[in-house]
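Undergrad: curious how this folds, go ahead:
(chains A and B)
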Amino acid sequence: MSTVEAPADAQRGELSDWLRERISHAVSEFTAATALVVLFVALTFASPYFLTTDNLFNIGAQTAVIAIIATAQTMVIITKGIDLSVGSVAALAGVLGAMVVRDLGFPLWAATAVAIGVGALAGLLNGLLVTAARIPPFIATLGTMSVGRGLVFIITGAVGVYGLPRSFQLLGNGEIMGIPFAVVITVLVAVGVAFLLSQTRFGQYTYAMGSNLEAARRSGIRVGRHLTGVYVLAGVLVGLGGMIAASRVNSGQPNYGISLELDVIAAAVIGGASLFGGQGRIVGTIIGAFLIALVRNGAVLLDISIHYQQVIVGVIIWAAVYFDQYRRRRLESRG
Amino acid sequence: MATTPTASADVDESPSAGEPPVLEARGIVKRFGHVEALRGADFTVRRGEVVALIGDNGAGKSTLIKTLSGVHPPDEGEILVGGRPVRFATPVDARRAGVETVYQDLAVADDLSVAANLYLGREILRSGPLGRLGLLDKRAMRQGAAAALDELGVRIPRVTTPIAMLSGGQRQCVAVARAIIWATNVVILDEPTAALGVVQTGRVLDVVRRARDAGMSVVLVSHNMPQVLEIADRVEVLRLGRRAAQLRADEVSTDDLVAAMTGSAGTDRDGR
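TA: So this is what the prediction gives:
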């Protein structure tokens, strides 16, 4: 009576269990990667401009901003949160980064630090609203989105920040050995965050909070502090992304990033991050960001209007979330 | 039907009567607004025994468990661990005192692996500067988890499996094992088998027995009277926020338990 017998299905082979685990982890990443390849091939045939060096460079830089901010979004989504303020905060960071260069003569690195600082402050605000004021993330960041956008227009008088030195373009349009500088930064960010999430205690707690907040709390994790940390780190990346975006157009644009949250949420969810929390990997998010950037780029090359792009991205979000729900239901019905 | 006294059995004959109880609550009062959930409740756990805590709905079982696990600090009364007064302001305080609790539905993080759950909040970090940066020693945790589960006889496919992929029984075994592994004094289980089938329930109870045989004290909250009599050494009955009876499990029937819970002298219920 003292031994607990192995459940029958454990005997059926560790291999099948191992496979099932792997597959369930990677299935959305695999689907997204397949879609990416299909879209890439299709666009190659559909447009003669697609596979040109210039366009690929362009896609790389475009993907970079979406990927960095989607990485931030993924961290927040893993905690069962959401950050709707990314577009406004990126615009605020980019505009302020441009202004300190134009008006105060800051060097690029210092301006980048300012942009990142702006993002971090916005993240701290989001984090405190969620943890200390206990406002649900959706509403908290919706407020920040509105406040941020308002501040951008107030600060700039709704006029873009122009008259920047050429050096301002380094982050967005510069290159190292033919590779866009922005892509290099993106790779560093993605590898860093992926490592953080999968190999460190910070990452472990991030997944734990999104999976079961109360269990995390009762395990002695200081969830308030930790959750705030996630939002701050996300803000840092959003600030960096905003700076790169401003650098690409060599100006601070108060209108930048409107509905950017949709693109990055889509990227994260396509890549397997679950809006129910606890799941999400950076590899998937990067694939998702690529897919979104390709959709945008392809639509431009094929002369599909921006309005249709909106429709397409919306449908992609539906599909990705439906798929996520479906997967969850199947897991739960296993009991 | 035989009449049953509500507080009959003498409890001071248990094996470790000499040493102070490993966990004791005295005169616990807990109010929520105008509602007095506990009105001077007493509770005793001795080393190496399985104590069942039973009571009708609203008797205060959950509240008592929560004061003993630090979720709800009591308004009055004292808690003693090994005879020494302690204050549990948070669950972390209780855990530091060696009291681990498995809550009904809040036990595990579904998306994390079995190993990650066993070490949640107590991760093993790499040694050296990398560890100070928070780098996990996943290998050590995998091995530790596998060894600990093996010792408790819990069989799961792999310690890297996410909890969501386990059956309900396996999941509960992991939750219970987690508490047992870290507890040094008492493991409190709140309805650990309420949602489980017969076979799965048996597995969880086997884990409990193993822990008891290894010298752990276990508090079991349950509504399942036959199960209480099957696994518990002693039964404490709570009624209207107070201890109504302390009974020896091998001396009573389910009818006696129900009588003690309801306060009726006789009973016509079947104890379920």
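Undergrad: make it CA atoms for all contacts and neighbour counts henceforth
TA: OK.
Undergrad: which residue ranges form the helices in the stretch 51-200 of chain A?
TA: With helices called from DSSP state H, counting those that start in this stretch, the stretch 51-200 of chain A shows them at A:53-78, A:86-104, A:108-131, A:137-156, A:170-173, A:181-199.
Undergrad: mean neighbour count, mean pLDDT and distance to chain B added to these, as TSV?
TA: Output for the helices of the stretch 51-200 of chain A, formatted as TSV (neighbours: other CA atoms under 10 Å in any protein chain shown; pLDDT from 0 to 100; distance: least, CA to the nearest CA, whole Å):
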stretch	mean neighbour count	mean pLDDT	distance to chain B
helix A:53-78	26	93	10
helix A:86-104	28	97	26
helix A:108-131	23	97	18
helix A:137-156	19	97	20
helix A:170-173	22	90	29
helix A:181-199	18	96	6
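Undergrad: out of those helices, which comes closest to residue B:125?
TA: Closest approach to residue B:125 among the helices of the stretch 51-200 of chain A (CA to CA): helix A:181-199, 10.0 Å.
Undergrad: how about residues contacting that closest one?
TA: With contact meaning CA atoms under 8 Å, 6 or more residues apart in numbering or on different chains, helix A:181-199 is reached by A:60-61, A:63-65, A:67-68, A:71, A:170-175, A:202-204, A:206, A:244, A:281-283, A:286, B:135-136.
Undergrad: how does it look with 7 Å?
TA: Helix A:181-199 has contacts (CA atoms under 7 Å, 6 or more residues apart in numbering or on different chains) with A:60-61, A:64, A:67-68, A:71, A:171-175, A:202-204, A:282, B:135-136.
Undergrad: related to what we said a few turns ago, in TSV: the helices of the stretch 51-200 of chain A, plus distance to residue A:259.
TA: Formatted as TSV, the helices of the stretch 51-200 of chain A follow (distance: least, CA to CA, whole Å):
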stretch	distance to residue A:259
helix A:53-78	12
helix A:86-104	7
helix A:108-131	17
helix A:137-156	10
helix A:170-173	20
helix A:181-199	21
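Undergrad: out of these, which is closest to residue B:85?
TA: Residue B:85 lies closest to helix A:108-131 among the helices of the stretch 51-200 of chain A, at 33.3 Å (CA to CA).
Undergrad: give me the most central residue, chain A.
TA: residue A:70 (0.8 Å; CA atoms, centre = their mean).
Undergrad: quick one: residues contacting it.
TA: Neighbouring residues of residue A:70 by CA under 7 Å, 6+ apart: A:264, A:265, A:267, A:268, A:285, A:289.
Undergrad: what about it, distance to residue A:203?
TA: Distance, residue A:70 to residue A:203, using CA to CA, to the nearest Å: 17 Å.
Undergrad: tell me if stretch A:208-224 is near chain B.
TA: Yes. Between stretch A:208-224 and chain B, judged by CA under 7 Å from any CA of the partner chain, the touching residues are A:208, A:211, A:212, A:214, A:215, A:218, A:219, A:220, A:221.
Undergrad: for the residue in chain B that chain A sits nearest to, what are its contacts?
TA: Nearest residue of chain B to chain A, counting by CA to the nearest CA: residue B:135, 4.3 Å away. Contacts for residue B:135 (CA under 7 Å, 6+ apart) come out as A:199, A:200, A:201, B:125, B:126.
Undergrad: mind giving me the PyMOL select for those, buried ones only?
TA: Command for PyMOL, covering only those of these found buried under the criterion 16 or more other CA atoms under 10 Å in any protein chain shown:
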select buried, (chain A and resi 199+200+201) or (chain B and resi 125+126)
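Undergrad: nearest to residue A:139, of the contacts of residue B:135?
TA: Nearest to residue A:139, judged by CA to CA, of the contacts of residue B:135 is residue A:201 at 28.4 Å.
Undergrad: please name the nearest non-neighbouring residue to that closest one.
TA: Nearest residue to residue A:201, sequence neighbours excluded (CA to CA, 6 or more residues apart in numbering or on different chains): residue B:134, at 5.3 Å.
Undergrad: any idea of the pLDDT on that neighbour?
TA: We have a pLDDT of 90 for residue B:134.
Undergrad: and the residue of chain A closest to chain B?
TA: For chain A and chain B, the shortest gap (CA to the nearest CA) falls at residue A:200, measuring 4.3 Å.
Undergrad: which residues does that residue form a beta bridge with?
TA: On the basis of DSSP bridges, residue A:200 is bridged to residue B:135.
Undergrad: contacting residues around it?
TA: Going by CA under 7 Å, 6+ apart, the list of residues near residue A:200 reads B:134, B:135, B:136.
Undergrad: what does chain B have sitting close to chain A?
TA: Counting by CA under 7 Å from any CA, chain B comes close to chain A at B:91-92, B:106-112, B:120-121, B:134-136, B:153-157, B:161, B:164-165, B:167-168, B:203, B:206, B:210.
Undergrad: coming back round to it: kindly identify which of the contacts of residue A:70 also come near chain B.
TA: Among these, no residue lies close to chain B (CA under 7 Å from any CA).
Undergrad: which residues in the stretch 151-272 of chain B form helices?
TA: B:168-182, B:198-213, B:225-231, B:254-262.
Undergrad: all good on my end, thank you.
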